[in-house]
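Q: Test case, fold it:
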Amino acid sequence: MSNCFEDETGKSPEELTNEEFINLSDDLKWLAYENLLEMFYGVSGELEEKLTDGNQ
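A: This is a model prediction of the structure:
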């Protein structure tokens, strides 16, 4: 199994309907959560970096 949810399903986690998410295997559900967390922390890390750079 790939470590990228989109590679496995053809959709990004945020594109799934609730019904599609419910029908995923447990492994794919965890992969969706992991991908969303990585995306969130990547975005929040970029924001923090921009805020830090702006305050100097």
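Q: and stretch 28-44, which residues are buried?
A: Neighbour counts using 16 or more other CB atoms under 10 Å place Leu28, Leu31, Ala32, Asn35 of stretch 28-44 among the buried residues. For glycine as for every other residue, the C-beta is placed from the backbone atoms N, C-alpha and C.
Q: In helices, which of these appear?
A: Leu28, Leu31, Ala32, Asn35 (DSSP state H).
Q: Quickly note the distance from the last one to Glu15.
A: According to CB to CB, to the nearest Å, Asn35 stands 12 Å off from Glu15.
Q: cool, the third one as well?
A: From Ala32 across to Glu15, the span is 10 Å (CB to CB).
Q: Then the second one?
A: For Leu31, the distance to Glu15 under the criterion CB to CB works out to 14 Å.
Q: where do the helices sit along the chain?
A: 5-9, 18-22, 26-54.
Q: What helices and strands are in contact with the longest one?
A: Spelled out, it's helix 26-54. Packing contacts for helix 26-54, counted by 3 or more CB pairs under 8 Å, 6 or more residues apart in numbering; DSSP states H and E, involve helix 5-9.
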